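Peer 1: predicted model and sequence below, questions to follow.
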Amino acid sequence: MAFSFILIVACQPSGLQETNESPVKPTECQMVRHKLGEICVPIAPQRIVALDPRHLADPLLALGIEPVGTAIYVYQGEESLPGLTADDIEGIESIGDVYQPSLEKILSLKPDLTLAMDLAHEQIYQQLSAIAPTILIDWKKNY
């Protein structure tokens with residue numbers, strides 16, 4: 001199934017893969033610069049996916065913003081949510097391991113914004129940005 005999704009995304013018209021444009025109208029979004037360029041981000045995103053629990057989901061929750069999905073760390077079969085408790089993530093969908101998030105699960109959540117880390121997600125940025133506007137956080141500049 002994952003291979004089929006990647007194949008479908010890869011076979012989309014080249015305009016989809018070569019731009020960071022979102023389907024949001026310019027009057028409803030704000031241009032944000034990130035490591036790979038600029039992206040038009042919705043002014044008030046309602047469905048945010050955070051691909052790192054400690055560095056992305058935790059700050060969102062501290063601001064009172066509940067993401068619809070977050071990734072988890074998996075090390076030697078053990079799941080970990082550094083910085084978060086079970087109560088913090090109640091109602092938030094798990095989208096798999098930080099280093100191998102499920103693109104199908106992200107797609108099913110219908111996000112209007114995805115927050116990702118360059119360290120773990122730069123190689124899947126094109127697939128992520130085909131699902132929703134995606135901001136790639138530069139690890140070295142921000143942490």
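Peer 2: Cool, got the structure. Numbers count the residues shown, from 1 in each chain.

Peer 1: which parts of stretch 44-58 are buried?
Peer 2: P45, I48, V49, A50, L51, D52, P53, R54, H55, L56, A57, D58 (16 or more other CB atoms under 10 Å). Every residue, glycine included, has its C-beta placed from N, CA and C.

Peer 1: okay, G91: pLDDT?
Peer 2: In this prediction, G91 carries a pLDDT score of 90.

Peer 1: ok, I8 next?
Peer 2: 37.

Peer 1: and the buried residues of stretch 44-58 as TSV, adding distance to E38 and pLDDT?
Peer 2: Below are the buried residues of stretch 44-58 laid out as TSV (distance: CB to CB, whole Å; pLDDT from 0 to 100):
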residue	distance to E38	pLDDT
P45	16	92
I48	19	96
V49	20	97
A50	21	95
L51	20	94
D52	22	89
P53	27	87
R54	26	85
H55	22	86
L56	20	90
A57	24	90
D58	26	90
